[in-house]
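quick one: sequence plus predicted model below, questions after.
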Amino acid sequence: MSSARTGRSRAGTPPEEARTDTSRTGTSPAAHADGNARARRASRTDGTGHPPPDGDETADTSQDRRARRRERLLATALGLFTTRGYTATSTERICAGAQVSLRAFYEEFESREALLIALHNEVARAGMEAVLTVLSDPAAESAGTRDRITALAHAYVDAVTVDPAATRIAFIEVVGAGQALDDHRLLWRGLWAGFLTGEAERAVARGEAVRRDHTLAMVALIGAVNELMAHWARDSGSFSRRRLADELVHHALATLGVPPGDTAADEGD
(Lines give C-alpha, C1' and ligand atoms only; values in the text may rest on other atoms or scores of the structure.)
Protein backbone atom coordinates (compact mmCIF):
# COMPACT_ATOMS: atom_id res chain seq x y z
CA MET A 1 0.00 0.00 0.00
CA SER A 2 1.50 3.36 -0.58
CA SER A 3 -0.33 11.08 2.22
CA ALA A 4 -0.42 13.69 -0.14
CA ARG A 5 -4.11 13.14 -0.74
CA THR A 6 -6.45 11.45 1.68
CA GLY A 7 -9.79 12.10 -0.01
CA ARG A 8 -12.23 9.50 1.19
CA SER A 9 -13.95 7.04 -1.10
CA ARG A 10 -17.09 5.23 -0.06
CA ALA A 11 -16.26 1.74 1.14
CA GLY A 12 -16.53 -0.64 -1.77
CA THR A 13 -16.22 2.10 -4.42
CA PRO A 14 -12.98 2.19 -6.42
CA PRO A 15 -11.25 5.59 -6.18
CA GLU A 16 -11.33 7.44 -9.51
CA GLU A 17 -7.53 7.68 -9.56
CA ALA A 18 -7.25 3.88 -9.54
CA ARG A 19 -9.19 3.75 -12.78
CA THR A 20 -7.34 6.51 -14.62
CA ASP A 21 -6.12 5.79 -18.15
CA THR A 22 -2.45 5.01 -18.50
CA SER A 23 0.25 7.29 -19.83
CA ARG A 24 3.54 6.46 -21.48
CA THR A 25 5.52 7.31 -18.37
CA GLY A 26 3.48 4.96 -16.18
CA THR A 27 2.92 7.66 -13.58
CA SER A 28 -0.77 6.81 -13.14
CA PRO A 29 -1.60 4.13 -10.55
CA ALA A 30 -3.48 2.31 -13.31
CA ALA A 31 -0.53 2.43 -15.73
CA HIS A 32 -0.03 -0.88 -17.47
CA ALA A 33 -1.15 -2.72 -14.37
CA ASP A 34 -3.11 -5.53 -16.02
CA GLY A 35 -3.10 -8.29 -13.42
CA ASN A 36 -2.29 -10.84 -16.14
CA ALA A 37 0.73 -8.99 -17.55
CA ARG A 38 3.21 -11.17 -15.72
CA ALA A 39 1.50 -14.34 -16.94
CA ARG A 40 1.53 -13.08 -20.52
CA ARG A 41 5.24 -12.39 -20.28
CA ALA A 42 5.90 -15.85 -18.88
CA SER A 43 3.93 -17.52 -21.69
CA ARG A 44 5.92 -15.80 -24.42
CA THR A 45 9.49 -16.60 -23.48
CA ASP A 46 12.31 -17.95 -25.60
CA GLY A 47 13.76 -20.24 -22.90
CA THR A 48 15.93 -17.49 -21.42
CA GLY A 49 13.18 -15.86 -19.39
CA HIS A 50 12.46 -13.17 -22.02
CA PRO A 51 9.97 -13.02 -24.90
CA PRO A 52 11.57 -13.54 -28.34
CA PRO A 53 13.31 -10.59 -30.06
CA ASP A 54 11.17 -8.44 -32.32
CA GLY A 55 12.32 -10.05 -35.56
CA ASP A 56 11.40 -13.61 -34.59
CA GLU A 57 7.74 -13.28 -35.51
CA THR A 58 7.59 -11.40 -38.79
CA ALA A 59 3.83 -11.80 -39.07
CA ASP A 60 3.26 -9.73 -35.95
CA THR A 61 2.11 -6.16 -36.29
CA SER A 62 4.20 -3.23 -35.20
CA GLN A 63 1.93 -2.84 -32.19
CA ASP A 64 2.49 -6.47 -31.20
CA ARG A 65 6.26 -6.11 -31.46
CA ARG A 66 6.18 -2.96 -29.40
CA ALA A 67 4.08 -4.66 -26.74
CA ARG A 68 6.58 -7.52 -26.55
CA ARG A 69 9.43 -5.03 -26.39
CA ARG A 70 7.83 -3.30 -23.44
CA GLU A 71 7.25 -6.61 -21.69
CA ARG A 72 10.88 -7.59 -22.24
CA LEU A 73 11.99 -4.34 -20.64
CA LEU A 74 9.68 -4.90 -17.65
CA ALA A 75 10.72 -8.54 -17.22
CA THR A 76 14.42 -7.73 -17.53
CA ALA A 77 14.18 -4.82 -15.11
CA LEU A 78 12.27 -6.96 -12.63
CA GLY A 79 15.08 -9.51 -12.61
CA LEU A 80 17.88 -6.97 -12.40
CA PHE A 81 16.25 -4.78 -9.77
CA THR A 82 15.65 -7.76 -7.49
CA THR A 83 19.13 -9.28 -7.91
CA ARG A 84 21.37 -6.22 -8.29
CA GLY A 85 19.11 -3.57 -6.78
CA TYR A 86 17.50 -0.60 -8.46
CA THR A 87 20.28 1.89 -7.72
CA ALA A 88 22.96 -0.47 -9.08
CA THR A 89 21.13 -1.15 -12.36
CA SER A 90 21.69 1.25 -15.25
CA THR A 91 19.34 1.88 -18.14
CA GLU A 92 22.03 0.55 -20.49
CA ARG A 93 22.18 -2.76 -18.62
CA ILE A 94 18.41 -3.13 -18.81
CA CYS A 95 18.49 -2.49 -22.55
CA ALA A 96 21.27 -5.02 -23.07
CA GLY A 97 19.42 -7.70 -21.14
CA ALA A 98 16.15 -7.02 -22.96
CA GLN A 99 17.84 -6.81 -26.39
CA VAL A 100 16.41 -3.35 -26.89
CA SER A 101 18.18 -0.21 -28.09
CA LEU A 102 18.48 2.82 -25.85
CA ARG A 103 16.36 4.78 -28.31
CA ALA A 104 13.64 2.13 -28.16
CA PHE A 105 13.75 2.21 -24.36
CA TYR A 106 12.90 5.91 -24.36
CA GLU A 107 10.02 5.27 -26.73
CA GLU A 108 8.45 3.21 -23.94
CA PHE A 109 9.59 4.98 -20.76
CA GLU A 110 10.71 8.52 -20.12
CA SER A 111 13.25 7.29 -17.58
CA ARG A 112 14.44 4.37 -15.50
CA GLU A 113 12.24 5.78 -12.72
CA ALA A 114 9.18 5.55 -14.97
CA LEU A 115 9.95 1.86 -15.59
CA LEU A 116 10.16 1.24 -11.84
CA ILE A 117 6.85 3.05 -11.39
CA ALA A 118 5.27 0.76 -13.99
CA LEU A 119 6.51 -2.32 -12.10
CA HIS A 120 5.20 -0.91 -8.83
CA ASN A 121 1.84 -0.22 -10.46
CA GLU A 122 1.38 -3.85 -11.44
CA VAL A 123 1.54 -4.90 -7.80
CA ALA A 124 -0.31 -1.89 -6.38
CA ARG A 125 -3.23 -2.20 -8.72
CA ALA A 126 -3.41 -5.97 -8.28
CA GLY A 127 -3.87 -5.36 -4.55
CA MET A 128 -6.54 -2.72 -5.08
CA GLU A 129 -8.44 -4.84 -7.61
CA ALA A 130 -8.34 -7.82 -5.26
CA VAL A 131 -10.05 -5.95 -2.42
CA LEU A 132 -12.60 -4.43 -4.78
CA THR A 133 -13.41 -7.92 -6.04
CA VAL A 134 -14.11 -8.97 -2.45
CA LEU A 135 -16.43 -6.02 -2.01
CA SER A 136 -18.26 -6.82 -5.25
CA ASP A 137 -19.60 -9.97 -3.59
CA PRO A 138 -23.11 -9.20 -2.26
CA ALA A 139 -22.24 -11.09 0.93
CA ALA A 140 -19.62 -8.45 1.76
CA GLU A 141 -22.30 -5.79 2.08
CA SER A 142 -23.81 -7.38 5.18
CA ALA A 143 -20.67 -9.00 6.57
CA GLY A 144 -19.49 -8.05 10.03
CA THR A 145 -16.35 -5.94 10.32
CA ARG A 146 -14.13 -8.79 11.50
CA ASP A 147 -15.15 -11.08 8.64
CA ARG A 148 -14.94 -8.30 6.09
CA ILE A 149 -11.47 -7.14 7.16
CA THR A 150 -10.27 -10.75 7.21
CA ALA A 151 -11.47 -11.31 3.65
CA LEU A 152 -9.95 -8.04 2.45
CA ALA A 153 -6.57 -8.70 4.06
CA HIS A 154 -6.26 -12.22 2.70
CA ALA A 155 -7.30 -11.15 -0.80
CA TYR A 156 -4.78 -8.31 -0.73
CA VAL A 157 -1.90 -10.51 0.43
CA ASP A 158 -2.72 -13.22 -2.11
CA ALA A 159 -2.68 -10.64 -4.91
CA VAL A 160 0.53 -8.79 -4.05
CA THR A 161 2.62 -11.84 -3.19
CA VAL A 162 1.99 -13.94 -6.31
CA ASP A 163 5.52 -13.14 -7.48
CA PRO A 164 7.97 -12.58 -4.59
CA ALA A 165 10.30 -10.66 -6.92
CA ALA A 166 7.52 -8.23 -7.80
CA THR A 167 6.65 -7.92 -4.11
CA ARG A 168 10.25 -6.95 -3.41
CA ILE A 169 10.08 -4.27 -6.10
CA ALA A 170 6.85 -2.81 -4.72
CA PHE A 171 7.80 -2.74 -1.05
CA ILE A 172 11.61 -2.50 -0.96
CA GLU A 173 13.22 -1.25 -4.17
CA VAL A 174 10.87 1.73 -4.56
CA VAL A 175 11.85 3.14 -1.15
CA GLY A 176 14.35 5.98 -1.51
CA ALA A 177 14.45 5.61 -5.30
CA GLY A 178 13.92 9.30 -5.97
CA GLN A 179 11.36 12.09 -5.82
CA ALA A 180 9.25 10.72 -8.67
CA LEU A 181 8.88 7.42 -6.84
CA ASP A 182 8.14 9.18 -3.56
CA ASP A 183 5.39 11.22 -5.21
CA HIS A 184 3.96 8.12 -6.85
CA ARG A 185 3.88 6.20 -3.58
CA LEU A 186 2.21 9.14 -1.86
CA LEU A 187 -0.52 9.03 -4.47
CA TRP A 188 -1.20 5.38 -3.77
CA ARG A 189 -1.02 6.00 -0.02
CA GLY A 190 -3.70 8.65 -0.44
CA LEU A 191 -5.95 6.22 -2.28
CA TRP A 192 -5.53 3.52 0.35
CA ALA A 193 -6.02 5.99 3.21
CA GLY A 194 -9.33 7.05 1.68
CA PHE A 195 -10.40 3.46 1.12
CA LEU A 196 -9.50 2.32 4.64
CA THR A 197 -11.08 5.39 6.24
CA GLY A 198 -14.29 4.47 4.44
CA GLU A 199 -14.08 0.98 5.90
CA ALA A 200 -13.53 2.46 9.36
CA GLU A 201 -16.57 4.69 9.02
CA ARG A 202 -18.66 1.69 8.00
CA ALA A 203 -17.50 -0.22 11.08
CA VAL A 204 -18.35 2.75 13.32
CA ALA A 205 -21.80 3.06 11.75
CA ARG A 206 -22.42 -0.61 12.55
CA GLY A 207 -21.36 -0.09 16.15
CA GLU A 208 -18.38 -2.41 15.67
CA ALA A 209 -15.52 0.09 15.97
CA VAL A 210 -14.50 2.93 18.23
CA ARG A 211 -16.07 6.22 17.15
CA ARG A 212 -13.26 8.69 16.39
CA ASP A 213 -11.44 10.27 13.47
CA HIS A 214 -9.54 7.36 11.92
CA THR A 215 -7.74 9.33 9.20
CA LEU A 216 -4.31 9.41 10.82
CA ALA A 217 -4.76 5.91 12.20
CA MET A 218 -5.26 4.61 8.66
CA VAL A 219 -2.07 6.34 7.49
CA ALA A 220 -0.21 4.62 10.34
CA LEU A 221 -1.83 1.29 9.43
CA ILE A 222 -0.63 1.65 5.84
CA GLY A 223 2.91 2.17 7.11
CA ALA A 224 2.64 -1.00 9.20
CA VAL A 225 1.29 -2.95 6.22
CA ASN A 226 4.13 -1.75 3.99
CA GLU A 227 6.76 -2.75 6.54
CA LEU A 228 5.22 -6.19 7.09
CA MET A 229 5.12 -6.76 3.34
CA ALA A 230 8.76 -5.67 3.01
CA HIS A 231 9.74 -7.99 5.86
CA TRP A 232 8.11 -10.92 4.06
CA ALA A 233 9.69 -9.94 0.73
CA ARG A 234 13.19 -9.98 2.24
CA ASP A 235 12.75 -13.65 3.15
CA SER A 236 9.52 -15.05 1.76
CA GLY A 237 10.30 -18.51 3.07
CA SER A 238 10.50 -17.45 6.70
CA PHE A 239 6.73 -17.51 7.23
CA SER A 240 3.64 -18.22 5.16
CA ARG A 241 1.43 -15.81 3.29
CA ARG A 242 -1.45 -17.01 5.48
CA ARG A 243 0.42 -15.92 8.59
CA LEU A 244 1.25 -12.59 6.97
CA ALA A 245 -2.41 -11.97 6.14
CA ASP A 246 -3.52 -12.93 9.65
CA GLU A 247 -1.06 -10.43 11.10
CA LEU A 248 -2.50 -7.70 8.88
CA VAL A 249 -5.96 -8.60 10.15
CA HIS A 250 -4.80 -8.26 13.77
CA HIS A 251 -3.27 -4.85 13.06
CA ALA A 252 -6.35 -3.56 11.24
CA LEU A 253 -8.82 -4.74 13.88
CA ALA A 254 -6.65 -3.36 16.69
CA THR A 255 -6.50 0.00 14.92
CA LEU A 256 -10.29 0.04 14.67
CA GLY A 257 -10.71 -1.09 18.26
CA VAL A 258 -12.39 -4.35 17.23
CA PRO A 259 -11.50 -7.48 19.25
CA PRO A 260 -9.55 -9.74 16.87
CA GLY A 261 -11.24 -13.01 17.85
CA ASP A 262 -9.63 -16.29 16.84
CA THR A 263 -7.50 -16.04 13.70
CA ALA A 264 -4.87 -18.71 14.29
CA ALA A 265 -2.13 -18.50 11.70
CA ASP A 266 -1.35 -21.57 9.69
CA GLU A 267 2.37 -22.00 9.25
CA GLY A 268 1.96 -23.38 5.73
CA ASP A 269 0.18 -21.97 2.69
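That came through, no problem. Worth saying up front: this structure is predicted, and the values here are computed from it rather than measured. Residues are numbered from 1 along each chain as shown.

could you give the average pLDDT over stretch 256-269?
Regarding stretch 256-269, the rounded mean pLDDT is 57.

scratch that, stretch 232-250
90.

buried residues, that stretch. List them.
Under the neighbour-count criterion of 16 or more other C-beta atoms under 10 Å, stretch 232-250 has 232-233, 236, 240-250 buried. For every residue, glycine as well, the C-beta is placed using N, CA and C.

now render those residues as CSV, adding secondary structure and distance to residue 90.
Output for these, formatted as CSV (DSSP: H, G, I helix; E, B strand; the rest coil; distance: C-beta to C-beta, whole Å):
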residue, secondary structure, distance to residue 90
232, helix, 29
233, helix, 23
236, coil, 27
240, coil, 36
241, helix, 33
242, helix, 39
243, helix, 37
244, helix, 33
245, helix, 37
246, helix, 40
247, helix, 37
248, helix, 36
249, helix, 41
250, helix, 42
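
what is the nearest of these to residue 130?
Closest approach between the buried residues of stretch 232-250 and residue 130, by C-beta to C-beta: residue 245, at 11.4 Å.

which residue, neighbours along the chain excluded, lies closest to residue 234?
residue 172 (7.0 Å; C-beta to C-beta, 6 or more residues apart in numbering).

ok, that neighbour touching residue 231?
No. Between residue 172 and residue 231 there is no contact, the gap being 9.7 Å when judged by C-beta atoms under 8 Å.

more neighbours, the two?
The neighbour comparison of residue 172 against residue 231 (other C-beta atoms under 10 Å) goes to residue 172, with 20 against 16.

distance of that one relative to residue 230?
Plainly put, residue 172 is 5 Å away from residue 230 if you go by C-beta to C-beta, to the nearest Å.

do the same with residue 101
For residue 101, the distance to residue 230 - C-beta to C-beta - is 34 Å.

what's the answer for residue 167, then?
Using C-beta to C-beta, residue 167 is found at 9 Å from residue 230.

more crowded one of those two?
Using other C-beta under 10 Å, the more surrounded residue of residue 167 and residue 230 is residue 167, with 22 against 16.

show the contacting residues for the residue lying closest to the more buried one once chain neighbours are set aside.
Nearest-residue entry for residue 167: residue 233, 4.5 Å, with adjacent residues in sequence omitted and distances by C-beta to C-beta, 6+ apart. Taking C-beta atoms under 8 Å, 6 or more residues apart in numbering, we find residue 233 in contact with 164, 167-168, 171-172.

now stretch 73-84: mean pLDDT?
Throughout stretch 73-84, pLDDT has a mean value of 93.

likewise stretch 180-198?
Regarding stretch 180-198, the rounded mean pLDDT is 91.

quick check: pLDDT value at residue 64.
pLDDT, residue 64: 83.

count of neighbours near it?
12.

what of residue 119?
Number of residues near residue 119 (other C-beta under 10 Å) recorded here: 26.

distance of it from residue 148?
Residue 119 is 30 Å from residue 148, by C-beta to C-beta.

how about residue 77?
The spacing between residue 77 and residue 148, counted by C-beta to C-beta, is 36 Å.

tell me which of these two has more neighbours.
Legend: neighbour count by other C-beta under 10 Å for residue 77 and residue 148, higher for residue 77 (26 against 23).

that one reaches residue 94, doesn't it?
Yes. Applying C-beta under 8 Å, one finds residue 77 in contact with residue 94, separated by 5.2 Å.

now do the shared contacts for the two.
Jointly contacting residue 77 and residue 94 under the rule C-beta under 8 Å, 6+ apart are residue 115.

tell me where the chain has helices.
For the chain, the helices defined by DSSP state H cover 37-43, 62-83, 91-98, 102-108, 112-135, 138-142, 145-160, 164-168, 179-205, 215-234, 241-256.

and the first one, what's its mean pLDDT?
I take that to be helix 37-43. Helix 37-43 carries an average pLDDT of 41.
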